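# make a model of this:
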Amino acid sequence: MDRFREMESFVAVVEAGSFVGAAELLRVTKAAVSRGVIELEERLGARLLQRTTRRLSLTEAGRAYYGRCKQILAEVEEADGAVGAVTGHPVGRLRINAPFSFGILHLAPLWGPFMERYPDVELEVSLADRLVDVVEEGFDVVVRISRLEDSSLVHRRLASTRVVACASPQYLARHGSPASVAELARHPVIAYTYAAKGDLWRFATADGEEEVQTRPRMRANNGDTCRAVALAHQGIVLQPDFLVAGDLAAGRLVEVLPGCSGPEIGIFAVYPSRKHLSVKVRALVDFLAAAFARPSWQAPAAAADTRGNGLRLQF
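As a prediction, this is how the structure comes out:
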């Protein structure tokens, strides 16, 4: 195995935390990754990883070598990008991260057309709702749905989504519809674990901003789980309209407190730096901006969504 592949295997093991994870990341076998690391250690005459049955950790030599390998691999990526800079044609690998729900429902249909347009770009897409470190984890572009308080990152606004409090008609028939924000405290809610304000729900009303401390009957770190439980008539949810617009249009869910506005949240493409922005990153960001110029969940077409409960999303 050549030195580049050895270093690539080593870095992948460190970042994935396991040989299996590294194999999935590199799309090779676990045996190939293991062989690459073993041959690297033999060539260097030093152990880079401490292996136990439960975990992997870097040795002192491994930490030093990992830092240099990351720099070398990044320079290789830059060299690939330089070709695109000269030709004006995107080329190379793009590492992308996005939230589960938005990634599956609204981004997944776009990857095929993007690849068709830019055949020399290789995509590596990962979905996770946790807040990833764009720089440390080596992503080229991250899609974030937030108020984006971290000003150190360069970003471009793609669209926005409105957070909606809603419940099934059957639930409301059984328990009644809250007449005020304060009355939400007396209703069971299905709470989203990663909500910025936790169990504190905030609304804009005619009298100003109002908050209510809700009483979760269930918490889930997956928006689809919250949605499914609401569709099963078990409580009120507060979810983005990109997830529930079809249910609202079809009458499977009903907005509660329609005179009160839930928060509007921006959807952003985030990348480490505007300086030396590669052609491939610029191409992707421009592509996404064009795709979400008229968001489907805000368009009349959303009313025609009758796909039922089969979405596998997370917010």
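
# show me what the lowest-mean-pLDDT helix or strand in the chain is packed up against.
For the chain, using mean pLDDT, DSSP states H and E, the weakest element among its helices and strands is helix 60-87, scoring a mean of 78. Secondary-structure packing of helix 60-87 (3 or more C-beta pairs under 8 Å, 6 or more residues apart in numbering; DSSP states H and E): helix 3-16, strand 92-98, helix 279-291. Quick note: C-beta positions are derived from backbone N, CA and C, even for glycine.

# alpha carbons only: can I get the last one in CSV?
Once non-C-alpha atoms are left out, helix 279-291 reads as follows in CSV (Å, rounded to 0.1, in the frame of the first residue of the first chain):
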residue,chain,number,x,y,z
VAL,A,279,-14.7,26.1,-7.2
LYS,A,280,-16.5,23.0,-6.0
VAL,A,281,-17.7,24.6,-2.8
ARG,A,282,-18.9,27.7,-4.6
ALA,A,283,-20.7,25.5,-7.2
LEU,A,284,-22.5,23.6,-4.4
VAL,A,285,-23.5,26.7,-2.5
ASP,A,286,-24.8,28.4,-5.6
PHE,A,287,-26.7,25.2,-6.6
LEU,A,288,-28.4,25.0,-3.2
ALA,A,289,-29.3,28.6,-3.1
ALA,A,290,-31.0,28.3,-6.5
ALA,A,291,-32.8,25.1,-5.5
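
# tell me what angle that helix forms with strand 92-98.
Our comparison of helix 279-291 with strand 92-98, counting by axes from the mean of the first three to the mean of the last three C-alpha atoms, to 10 degrees, yields an angle of 40 degrees.

# need the residues that contact helix 279-291.
Defining contact as C-beta atoms under 8 Å, 6 or more residues apart in numbering, one finds that helix 279-291 is touched by 81, 84-85, 88-92, 94, 96, 110, 114, 117-118, 121, 140-141, 143, 156, 158, 269, 271.

# now the buried members of those.
Among the contacts of helix 279-291, those that count as buried by neighbour count (16 or more other C-beta atoms under 10 Å) are 81, 84-85, 90-92, 94, 96, 114, 118, 121, 140-141, 143, 158, 269, 271.

# which stretches of the stretch 51-200 of the chain form strands?
In chain order, the stretch 51-200 of the chain shows strands spanning 56-58, 92-98, 121-127, 141-146, 154-167, 188-192, 200-205, with DSSP state E, counting those that start in this stretch as the criterion.

# would TSV of the helices and strands packed on helix 60-87 with distance to residue 167 and mean pLDDT be doable?
Supplementary listing: the helices and strands packed on helix 60-87 in TSV, determined by distance: least, C-beta to C-beta, whole Å; pLDDT from 0 to 100:
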stretch	distance to residue 167	mean pLDDT
helix 3-16	41	88
strand 92-98	28	91
helix 279-291	31	94
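
# okay if I get those as JSON lines plus distance to residue 43?
Compiled in JSON lines, the helices and strands packed on helix 60-87 are given as follows (distance: least, C-beta to C-beta, whole Å):
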{"stretch": "helix 3-16", "distance to residue 43": "7"}
{"stretch": "strand 92-98", "distance to residue 43": "26"}
{"stretch": "helix 279-291", "distance to residue 43": "32"}
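
# out of the ones you listed, which comes closest to residue 32?
Of all the helices and strands packed on helix 60-87, the one in closest proximity to residue 32, counting by C-beta to C-beta, is helix 3-16 (7.5 Å).

# for that closest one, packing partners?
Here helix 3-16 touches helix 19-26, helix 30-44, strand 49-51, strand 56-58, helix 60-87, going by 3+ C-beta pairs under 8 Å, 6+ apart.

# most tightly packed of these?
The highest mean neighbour count among those belongs to helix 19-26 (a mean of 18), with neighbours defined as mean count of other C-beta atoms under 10 Å.

# can you check what angle separates that one from helix 30-44?
An angle of 100 degrees separates the directions of helix 19-26 and helix 30-44 when computed by the same axes, to 10 degrees.
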